[in-house]
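Student: got a predicted model here, sequence first, then my questions.
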Amino acid sequence: MNNTLQKIDQIIVQQSELYNKIIDLWFNEVLFTWRWWVGVALTVFSWLFWIVYHKKDSRYRLLNAGFFVMTASLILDSIGVQLGLWSYRFEVIPFILAYLPYNLALMPVVVMSLIQFKPNFSPIIKAIVFGLLTAYVGEPLVHFLKVYNPYNWQYIFSVPIYMVIYLIANWLTTREAYGNIK
């Protein structure tokens, strides 16, 4: 048991040293680069778009879906990074192993916008379109910009994950708990 504890402690120390190197690199070579500014702009403009264009009477149910999307995408993204499936090179904030502009702004805003746009349209078709566009347009774009680097991941793997996230978010907004809110 003591040997196991020592091994775990040793790995945690090594991990901490690596994070310190990453944070130093981020401060010296990532902060305020054009890719960093793109991340900041994506975050700010996504939420500004939502503030202006969301249905005010649906704000809380949409935010419920948005917070679910944020949580799910942040957790799944962090797991993918930790498993070495992909990495991010130009994080807006270096302390979290995920691309925050995507997880906390772009993805939830797109999902909330899709939910409120044509609310009676098939959520399954919306989920398919969202999954395909996000996996085959969004991911290749951030890969092209050298922000995202997939190692052991193919875009097709993302499609069902995006679809499930959308469908759960949509379900959260259509539950009877919201009564007659549309």
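Tutor: Sure, I can see it.

Student: just how off-centre is stretch 42-56 within its chain?
Tutor: From the chain centre to the centre of stretch 42-56 is a distance of 16 Å (Cα atoms, centre = their mean, to the nearest Å).

Student: could you number the chain from 332 rather than 1 from now on?
Tutor: Done: numbering now begins at 332, and the last item shifts to stretch 373-387.

Student: give the buried residues for that stretch.
Tutor: Neighbour-count burial for stretch 373-387, counted by 16 or more other Cβ atoms under 10 Å, picks out 373-374, 377-378, 381, 385. Yep, even glycine has a C-beta here, placed from its N, CA and C like the rest.

Student: now tabulate those residues in CSV and tack on pLDDT.
Tutor: Below are the buried residues of stretch 373-387 laid out as CSV (pLDDT from 0 to 100):
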residue, pLDDT
Leu373, 95
Thr374, 96
Ser377, 97
Trp378, 97
Trp381, 96
His385, 93
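
Student: which of these lies closest to Phe421?
Tutor: Distances from Phe421 to these, taken as Cβ to Cβ, are shortest for Leu373 (11.3 Å).

Student: which helix or strand contains that closest one?
Tutor: Assessed by DSSP states H and E, Leu373 sits inside helix 365-384.

Student: which neighbouring elements make contact with the next helix or strand after that helix?
Tutor: Following helix 365-384 in sequence order, the next helix or strand is helix 390-413 (DSSP H and E). On a contact count with 3 or more Cβ pairs under 8 Å, 6 or more residues apart in numbering; DSSP states H and E, helix 390-413 meets strand 417-419, helix 438-447, helix 486-505.
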